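Asker: sequence unknown, structure follows:
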């Protein structure tokens, strides 16, 4: 393999690095014949992905290594996400408001404004004849701003401050949880979210905001109006398609993790 150099990444305001771990796992990409599990290559337009590109290594790894497969997989993943249309949900595995570590917590939601390009590593010396690789991250600019006109963060900081260490109210009451049966869609860093899961997540945010409004007495009308608008768009699209992915029906939705990148 070519020797990789350290790469400095630039993150603009209101952007985050999004990384679809699941799409970089060999068993997920190529499937598992022993377990009769089909791979992504049979579910998506991935004709350019080829297992023969993967190098023989002196150690076992479940991760895709070759830049040609990286590019084909990442371009396919991001082709479903449409700037100015797609929603993005931010979630966390752990927050100080709740002790339940087995459920994903919604942190905020907005729209995708811009998707950055793919980047190949720099190498020490010539990579000719050696395995080359891409960075898996892409920088994604989102629409959430402090005034919450186009997306919002849930008021968890305000809840912690005003609960007076739980004496005034339980701050966990204002938490928005992802549906338990949507665990996989809210795992593996960045992943597509099904349309039903997107609707459920928006409704969970709405319920949490209503509880927060009563407990913290915050003005939340902008957030509620925005949620209702997005729900209307999703339901309208959903009625046209009996089954769509969330990269679906012209209104894709995806999400990424806000906590440390672990999977």
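Answerer: Received it, and whenever you're ready, just let me know what you need. All of these numbers come straight from a predicted model, not from anything done at the bench.

Asker: in stretch 39-54, which residues are buried?
Answerer: Within stretch 39-54, the residues that count as buried by 16 or more other Cβ atoms under 10 Å are 39-41, 44, 46, 49, 53-54. For glycine as for every other residue, the C-beta is placed from the backbone atoms N, C-alpha and C.

Asker: now swap in stretch 227-236 and tell me
Answerer: 227, 230, 234.

Asker: just name the closest of the buried residues of stretch 39-54 to residue 104, please.
Answerer: Using Cβ to Cβ, residue 40 comes nearest to residue 104 of the buried residues of stretch 39-54, at 22.3 Å.

Asker: so the closest one touches residue 26, yeah?
Answerer: No - if you go by Cβ atoms under 8 Å, residue 40 and residue 26 don't touch, sitting 10.4 Å apart.

Asker: hang on, residue 98 packs against residue 174?
Answerer: No - using Cβ under 8 Å, residue 98 makes no contact with residue 174, being 10.2 Å away.

Asker: and the two? which has more neighbours close in?
Answerer: Neighbour count, other Cβ atoms under 10 Å: between residue 98 and residue 174, residue 174 has more, with 27 against 16.

Asker: for the more buried one, what are phi and psi?
Answerer: Note on residue 174: its backbone torsions stand at phi -100, psi 10 [degrees, to the nearest 10].

Asker: residues in contact with it?
Answerer: 97, 154-156, 159, 208, 211-212, 215-216 (Cβ atoms under 8 Å, 6 or more residues apart in numbering).

Asker: and the pLDDT at residue 1?
Answerer: pLDDT for residue 1: 68.

Asker: still on that earlier bit, least confident of the contacts of residue 174?
Answerer: Within these, pLDDT is lowest for residue 97, at 82.

Asker: so it belongs to a strand, correct?
Answerer: No - using DSSP: H, G, I helix; E, B strand; the rest coil, the assignment for residue 97 is coil, not a strand.

Asker: I'd assumed residue 157 was in contact with it.
Answerer: No - contact criterion Cβ under 8 Å: residue 97 and residue 157 do not qualify, at 9.9 Å.

Asker: can I get the buried residues of stretch 227-236 in a markdown table including distance to residue 221 and pLDDT?
Answerer: Output for the buried residues of stretch 227-236, formatted as a markdown table (distance: Cβ to Cβ, whole Å; pLDDT from 0 to 100):
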| residue | distance to residue 221 | pLDDT |
| --- | --- | --- |
| 227 | 11 | 97 |
| 230 | 15 | 95 |
| 234 | 21 | 89 |
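
Asker: could you dump those into TSV with distance to residue 22 added?
Answerer: Shown next, in TSV, are the buried residues of stretch 227-236 (distance: Cβ to Cβ, whole Å):
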residue	distance to residue 22
227	27
230	25
234	23
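
Asker: and of those residues, the nearest to residue 77?
Answerer: residue 234 (20.6 Å).

Asker: what strand or helix carries the closest one?
Answerer: helix 221-240 (DSSP states H and E).

Asker: then residue 74?
Answerer: Counting by DSSP H and E, residue 74 is part of helix 67-79.

Asker: tilt between the next helix or strand after that helix and helix 221-240?
Answerer: Sequence order places strand 87-92 as the next helix or strand after helix 67-79, per DSSP H and E. Strand 87-92 runs at 120 degrees relative to helix 221-240, counting by axes from the mean of the first three to the mean of the last three Cα atoms, to 10 degrees.

Asker: strand 87-92 pairs with which strands, parallel or anti?
Answerer: strand 105-115 (antiparallel), strand 253-257 (parallel) (DSSP bridges).
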